[in-house]
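1. structure for this input, please:
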Amino acid sequence: MELEPILPTKVGTMSLRQLGLDRAEYPCLRLGAMLLFTLTFWLLVRQSVKENFRRMSKMSTPLQEVTTKELGAGSESVLKVLGGMVMSCYAKYWIYVCGGMFIMVSFAGKLVAYKIVYMLLFLLCLCLYQ
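-> Here you go, the predicted structure:
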């Protein structure tokens, strides 16, 4: 079907090409990329749900014996404690650091609307996964 004369290319002053609504040279390649990204998202959601169920099942286990260390053996160096705090912050907020770098790199070139939409979707998926 030849739909190119029927489909609009502009809405008002905004070009639809900026939103990714244009005729692709290789439509199968674009569809394949979309399917790959969608599959990756659903696999991550599935893994997250499985981990939540596993965590909930571990919480229902019976009580176990608790032991503590001696007070004199617990002296750790300040650097180890500080390093542990920094590593826990990186583990907790690494998605936001990656997202920030992603935004900085994308604004380096020409700014178009579809880049902003893709960045928002990428950050939303990462935050939902976290």
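
2. count the residues that sit near Cys45.
-> Actually, residue 45 is Val. It isn't Cys. Val45 sits with 13 neighbouring residues when counted by other Cβ atoms under 10 Å. C-betas here are computed from N, CA, C, even on glycine.

3. that one: which element?
-> helix 27-59 (DSSP states H and E).

4. tell me which strands and helices that helix is in contact with?
-> For helix 27-59, the elements it packs on are helix 113-129, judged by 3 or more Cβ pairs under 8 Å, 6 or more residues apart in numbering; DSSP states H and E.

5. how about Leu7: what's its closest non-neighbour residue?
-> Arg23 (7.4 Å; Cβ to Cβ, 6 or more residues apart in numbering).

6. my guess is the one you found contacts Thr9. True?
-> No. At 9.2 Å, Arg23 does not count as touching Thr9 under the criterion of Cβ atoms under 8 Å.

7. report pLDDT for Lys69.
-> On the pLDDT scale, Lys69 is placed at 66.

8. try Trp42
-> Confidence for Trp42, expressed as pLDDT, is 92.

9. before we move on, what about Lys58?
-> For Lys58, pLDDT reads 77.

10. swap in the one 3 residues further on?
-> The predicted structure scores Thr61 at 61 on the pLDDT scale.

11. with Tyr90 instead?
-> 73.

12. wait, what's in contact with it?
-> Val97 (Cβ atoms under 8 Å, 6 or more residues apart in numbering).

13. list the buried residues in whichever strand or helix holds Gly100.
-> Gly100 is located in helix 78-106, with elements delineated by DSSP H and E. Neighbour counts over helix 78-106 (16 or more other Cβ atoms under 10 Å) mark Gly99 as buried.

14. then stretch 122-130?
-> So stretch 122-130, judged by 16+ other Cβ under 10 Å, has buried residues Phe122, Leu123, Cys125, Leu126.

15. quick one: which two of those residues are the most distant?
-> Leu123 and Cys125 (7.4 Å; Cβ to Cβ).

16. phi, psi of Ser15?
-> When read as degrees, to the nearest 10, the backbone of Ser15 gives phi -80, psi 130.

17. you'd agree it is up against Val112?
-> No. In this structure Ser15 lies outside contact range of Val112 using Cβ under 8 Å: 9.2 Å.
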